[in-house]
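S.K.: Turn this into a structure:
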Amino acid sequence: MSALTSRLVARPGRFPWHPRLPVPLTLVRALTLLLTLVALANTLWHGLDERGTALSFGILITVGELTRWSGAEERESAPLGAAAALSYALLGEQAGRPTHHGVLQVVAVVAAAALLGCVPHVARGRGPTVDHLTRRVLTVAFAAVCFQPLYNQGRLLEWGGPAYALLLVALLVLTALCDAVLAAALAHARTRWPFGPLLWDELRATLGIGSAVCATGAVMSLAVAVVGLWALPVFSLPLLLTQLSFRRYAAVRVTYRQTIASLARATEIAGYTPAGHARRVAALSRAVGRELGLSEPDLTVLEYAALMHDIGQLSLVDPVPAGATSALAADEQRRIALLGGAVVRQTGVDAEVAVVVERQADPYREQPVTARIVRAVNAYEELAREAGPGGTLTALEKLRLATARDYQPEVVESLARVLLRGGLTLPQAG
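M.R.: Got it, this is the predicted structure:
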């Protein structure tokens, strides 16, 4: 199995790990570390303003980070911690009394609480903790810079009632956009995947639990300003229930994917395809889809179709040698593809997945892009396995020679780039 494919199979849905961090990612992390150290040093030197308030928000942020779940597909896996941090950054009053904490204290409290809450996750080796903390610190710093100086200078005193609430909501929306851009930029620097689709996925995810985080952050800030710190546990409960619902939803999606993967293994158990073939094609197809800029919903359809692309072979009386359907006649490939699509439709899987399975034997100009990717990746995996050690370049060359009709040139070149980053090693069974 190639280095890239091994990582993708082992960590589905996550970004591939690179041994050498890109320079922009290193600079962002260094900036975050420097900002955190300056904030902590300044807070230790001058002491905490409103210690009770800082301690209360710090405890809530820590609890939010402790309840963060790992492996979830949602972009914000610690919504309570995010809402509490944003609320503290936009806090102007506490029980009718003006607060005096500044930007550096906000950063210090949030960073210290988030670090404390991440300790159990680090001990268990779960979750992208460094990037999670980077986003948390920079996002909160952005919100605090937008609000705290203006409030401390008295420029927001004339804003009252609905106008003040709308101002907080506007700042939270702006902060959410900043967080989405930052998350997409970090992912782009780490993976070199197209920035536009990554940003679109982040913005789409923000409409989900991100909207609940922004709403809770605004309500917490306004409530603490009126009734004091007693508002924190009261308004934390709805977000905790929302987080639980999202967690169950993520678990359902994981179970759904595992069910599809189990169905896809039917061809391996029956001896029609080599062991691990469907998983390797799905992992590599998803990477190629990312390289081409597909959105998250399209990537999900692509992954499911790649897992089930060979299920039509169950209709064959005599198995194809090594399950290599790319070497069959066009009519036979189309028959197997249509039978596979019919099976997929009967399983209750999304109809888009069945369409991709049915269309993978058509000329590529008539296929949706997801079917083009599955067809090219499947052919590469079969050709490379047949060629033996060192057959990766041979397989790519054969795909390039067949781009006149069978494979889209852009898909083949994207596959080559993905394999180049993975070391151009040969996929193996298992």
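S.K.: what residue ranges in this structure are flagged as low confidence?
M.R.: In the prediction, the chain carries residues with pLDDT under 70 at positions 1-21, 69-76, 126-128, 153-161, 317, 322-323, 327, 387-390, 422-430.
S.K.: can you point me to the longest helix in it?
M.R.: helix 231-264 (DSSP state H).
S.K.: which helices and strands does it pack with?
M.R.: Here helix 231-264 touches helix 51-66, helix 79-89, helix 211-227, helix 277-292, helix 296-307, going by 3 or more C-beta pairs under 8 Å, 6 or more residues apart in numbering; DSSP states H and E. The C-beta positions use only the backbone N, C-alpha and C, and glycine is treated the same way.
S.K.: Out of those helices, which gets nearest to residue 420?
M.R.: Proximity to residue 420 (C-beta to C-beta) singles out helix 277-292 among these, at 10.8 Å.
S.K.: Tell me what angle the closest one forms with helix 231-264.
M.R.: 130 degrees (axes from the mean of the first three to the mean of the last three C-alpha atoms, to 10 degrees).
S.K.: if we can go back for a sec, return the most buried member of the helices and strands packed on helix 231-264.
M.R.: helix 79-89 (a mean of 29; mean count of other C-beta atoms under 10 Å).
S.K.: That one vs helix 231-264, what angle?
M.R.: Using the same axes, to 10 degrees: helix 79-89 against helix 231-264 is 150 degrees.
S.K.: follow-up on the earlier one: buried residues, the longest helix of the chain. List them.
M.R.: 231-232, 235-236, 239-240, 242-243, 246, 250, 257, 260-261, 263-264 (16 or more other C-beta atoms under 10 Å).
S.K.: Ok, stretch 99-115 next?
M.R.: 99, 101-115.
S.K.: Give me the subset of these that lies in helices.
M.R.: 103-115.
S.K.: Save those as a markdown table, and put in distance to residue 289 too.
M.R.: As requested, these are arranged in a markdown table below (distance: C-beta to C-beta, whole Å):
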| residue | distance to residue 289 |
| --- | --- |
| 103 | 41 |
| 104 | 43 |
| 105 | 44 |
| 106 | 39 |
| 107 | 37 |
| 108 | 41 |
| 109 | 41 |
| 110 | 36 |
| 111 | 36 |
| 112 | 40 |
| 113 | 38 |
| 114 | 33 |
| 115 | 35 |
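S.K.: With respect to residue 301, which of those residues is nearest?
M.R.: residue 114 (35.1 Å).
S.K.: residue contacts, that closest one?
M.R.: Residues near residue 114 by C-beta atoms under 8 Å, 6 or more residues apart in numbering: 61-62, 65, 81, 85, 133, 136-137.
S.K.: which two in the residues you listed are spaced the farthest apart?
M.R.: The most widely separated members of these, counting by C-beta to C-beta, are 62 and 137 (14.7 Å).
S.K.: now residue 214, nearest residue through space, not along the chain?
M.R.: residue 172 (4.2 Å; C-beta to C-beta, 6 or more residues apart in numbering).
S.K.: contacting residues around residue 263?
M.R.: Applying C-beta under 8 Å, 6+ apart to residue 263 gives the contacts 307-308, 311, 347.
S.K.: one more time with 10 Å, if that's ok
M.R.: 278, 304, 307-308, 311, 343-344, 347, 349 (C-beta atoms under 10 Å, 6 or more residues apart in numbering).
S.K.: And stretch 33-44, how far out from the chain middle?
M.R.: Centroid displacement of stretch 33-44 relative to its chain, using C-alpha atoms, centre = their mean, to the nearest Å, is 29 Å.
S.K.: Residue 131 against residue 184, yeah?
M.R.: No: applying C-beta atoms under 10 Å as the test, residue 131 and residue 184 come out as separate, 11.9 Å apart.
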